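Colleague: Pasting the sequence and the predicted model now:
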Amino acid sequence: MEPSKHRYKKMRTDELIVLAQSDDIKALEELLRTEQRNVFATFSYLTHKRQDVADLTQEALLRVAQNIKTLKDPKHFKSWLNQIVTHLFYDELRKISRKPDIISIDAETDNETGFSIKNILPDTKCKPAEKCISSELEEIIKDKIRSLPRQFRIAIVLRELQGLSYDEIATATQSSIGTVKSRIARARTKLQDGLKNYI
Amino acid sequence: MKELNCEQVSILLTYFIDKKLSDKLIGEIEYHLNTCPNCRERYMSMLRIKKNYQEMKEKICTEDEDTLLINTFMEREYMNFQNNLSSYLDNELDDRENIRIKKFAILSPTARQDLEDMIYFRQILQDSFSKTKSKLKKDLSELTIDKLTRKEKNNRPNEYTQNRFSLLLLIIISFVTSILILFYT
């Protein structure tokens, strides 16, 4: 690995943001690299259609790259990024409600993200550490979260996965802190109940 | 009538205290107690015991009320605990409520169990999330940068095409004017 790339790897997110805002394309790339898994996972728990996840992730990253200069305070990056994610998700829902749900048989394997039926099969690389949960359980949890009402789903994903504060979630979803509080609490109870037999 | 002796009085004393004797007998016992200091002493001690017993009984009754109070308190606190557990774990409560939840978790084993269950559940969620994160196989960052730079290029009018366009325009104009000049002359 070249030394310059290594230098970026060691940087904190806010440093990367500042550099990216001053047209440092390598810093921007590194920033996207560190955030992509997060965004990908977020969409995985939000959207029902598996093949949309990669597209949505790509689109979110592109929006981050295009608009990084509009972000005033690097401290608010996380909440800003999640506003992008939430907006995209809402847009997607609107699109889905307009057109009927058509799934192409050919689209089952996505070369870009390696999405395929293989991913559903048990992960043989999984180490027998106690922290490691099975792919099966992960899928179950994903399904349970996806089957929550939309607002609950967003709230719990932004809280648990993205670690946003209630205040930030309220801003991202345009609701009050009280609403966010009750949505998260209820989502947790529902999920806990739903997963009782699995964990 | 023969006066009551000490033995008879001691047997009747409990009934006397509970006022379960005839007026005639009561009078006779009162008479004996006034004359016999021993029996009087015994009577006084029995009275004391009865009084103590009654006090104890009353105390137990109020304790029942206390337990009732404690139960409603526990119920109320448990409700509060359940409502705020989620926010507590997210560190979104104010200091007062925070302490309230902590105290109740120490006090109630059920609450503690709930807390532990919730923490465990969240760990599972986190594990699931990190597993999902690791499922992104392709690096999208480079792709995004590519797309971005391509878009910017498209948006910026190319100098070369611009030059060519103006050159073409110039030729056409000169061509038209030359034709017009030829036509008029």
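Modeller: Thanks, I have the structure now. Numbers count the residues shown, from 1 in each chain, chains lettered A, B, ... in the order given.
Colleague: Within the helices and strands, which one has the nearest residue to B:Leu148 once chain neighbours are set aside?
Modeller: Leaving aside its sequence neighbours, B:Leu148 sits nearest to A:Ala65 (C-beta to C-beta, 6 or more residues apart in numbering or on different chains; 4.7 Å). For the C-beta atoms, the positions are set from N, CA and C on the backbone; glycine is no exception. Secondary structure from DSSP states H and E places A:Ala65 in helix A:50-67.
Colleague: got the buried residues for that helix?
Modeller: By 16 or more other C-beta atoms under 10 Å in any protein chain shown, the buried positions in helix A:50-67 come out as A:50-65.
Colleague: contacting residues for the residue nearest to B:Leu148?
Modeller: By C-beta atoms under 8 Å, 6 or more residues apart in numbering or on different chains, the residues touching A:Ala65 are A:Leu28, A:Leu32, B:Thr144, B:Ile145, B:Leu148.
Colleague: Keep only those of those residues that are in helices.
Modeller: A:Leu28, A:Leu32, B:Thr144, B:Ile145, B:Leu148 (DSSP state H).
Colleague: pLDDT at B:Leu85, what is it?
Modeller: B:Leu85 carries a pLDDT score of 92 in this model.
Colleague: what kind of secondary structure is it in?
Modeller: At B:Leu85, secondary structure determined by DSSP: H, G, I helix; E, B strand; the rest coil is helix.
Colleague: ok so, going back, so which two of the ones in helices among the contacts of A:Ala65 are the farthest from each other?
Modeller: A:Leu32 and B:Leu148 (9.6 Å; C-beta to C-beta).
Colleague: If you count surrounding residues, which of these two has more?
Modeller: Set side by side, A:Leu32 and B:Leu148 show more neighbours around A:Leu32, with 26 against 19, by other C-beta atoms under 10 Å in any protein chain shown.
Colleague: That one reaches B:Leu136, doesn't it?
Modeller: No - applying C-beta atoms under 8 Å as the test, A:Leu32 and B:Leu136 come out as separate, 12.0 Å apart.
Colleague: Pull the number of nearby residues for A:Ser176.
Modeller: 11.
Colleague: Quick check: it touching A:Ala170?
Modeller: Yes - between A:Ser176 and A:Ala170 there is a contact under C-beta under 8 Å: 6.0 Å.
Colleague: can you give me the strands for chain B?
Modeller: With DSSP state E as the criterion, chain B has no strands.
Colleague: So which residues on it come close to chain A?
Modeller: B:83, B:85-87, B:90, B:92, B:117-118, B:120-122, B:124-129, B:131-145, B:147-149, B:151 (C-beta under 8 Å from any C-beta of the partner chain).
Colleague: Which of these are buried, as a ChimeraX select command?
Modeller: In ChimeraX syntax, the buried subset of the residues of chain B next to chain A is picked out as below (16+ other C-beta under 10 Å):
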select /B:85,86,87,90,92,118,121,122,124,125,127,128,129,131,132,133,135,136,138,140,141,143,144,145,147,148
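Colleague: what stretches of the chain score poorly on pLDDT?
Modeller: Using chain A here. Residue ranges of chain A with pLDDT under 70: A:1-5, A:96-132.
Colleague: actually chain B
Modeller: Ranges of chain B meeting pLDDT under 70: B:1, B:155-162.
Colleague: in the chain, which residue is closest to the centre?
Modeller: No chain was given, so I picked chain A. With distances taken as C-alpha atoms, centre = their mean, chain A has A:Thr42 as the residue nearest its mean C-alpha position (1.9 Å).
Colleague: please go with chain B instead
Modeller: In chain B, the centroid-proximal residue (C-alpha atoms, centre = their mean) is B:Phe81; its distance is 1.0 Å.
Colleague: wait, isn't that residue in contact with B:Leu107?
Modeller: No - at 9.7 Å, B:Phe81 does not count as touching B:Leu107 under the criterion of C-beta under 8 Å.
Colleague: need the helices for chain B, in chain order.
Modeller: B:6-17, B:23-35, B:37-89, B:95-107, B:109-133, B:140-155, B:159-184.
Colleague: Looking at those helices, which is nearest to A:Asp143?
Modeller: Using C-beta to C-beta, the nearest of the helices of chain B to A:Asp143 is helix B:109-133, at 11.0 Å.
Colleague: who touches the closest one?
Modeller: By C-beta under 8 Å, 6+ apart, helix B:109-133 touches A:37-38, A:40-41, A:44-45, A:131-133, A:135, A:137-138, A:141-142, A:160-161, A:188, A:191-192, A:195, A:199, B:78, B:81-82, B:85-86, B:89, B:104-106.
Colleague: For ChimeraX, what selects the buried ones among those?
Modeller: The ChimeraX command for the buried members of the contacts of helix B:109-133 (criterion: 16+ other C-beta under 10 Å) is given here:
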select /A:37,38,40,41,44,45,133,135,137,138,141,142,160,161,188,191,192,195 /B:78,81,85,86,89,104,105
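Colleague: Restricted to helices, list the contacts of helix B:109-133.
Modeller: A:37-38, A:40-41, A:44-45, A:135, A:137-138, A:141-142, A:188, A:191-192, B:78, B:81-82, B:85-86, B:89, B:104-106.
Colleague: Mind splitting chain A into its structural domains?
Modeller: The record's domain parsing of chain A by automatic domain parsing lists A:5-96, A:117-195.
Colleague: now the first one, how far from the chain's geometric center?
Modeller: Just to be clear, that refers to domain A:5-96. What separates the centre of domain A:5-96 from the centre of its chain is 9 Å, taken as C-alpha atoms, centre = their mean, to the nearest Å.
Colleague: Report the contact partners of the residue nearest to the centre of chain A.
Modeller: Counted by C-beta under 8 Å, 6+ apart, A:Thr42 has contacts A:Asn82, A:Val85, A:Val157, A:Leu158, A:Leu161, A:Gln162.
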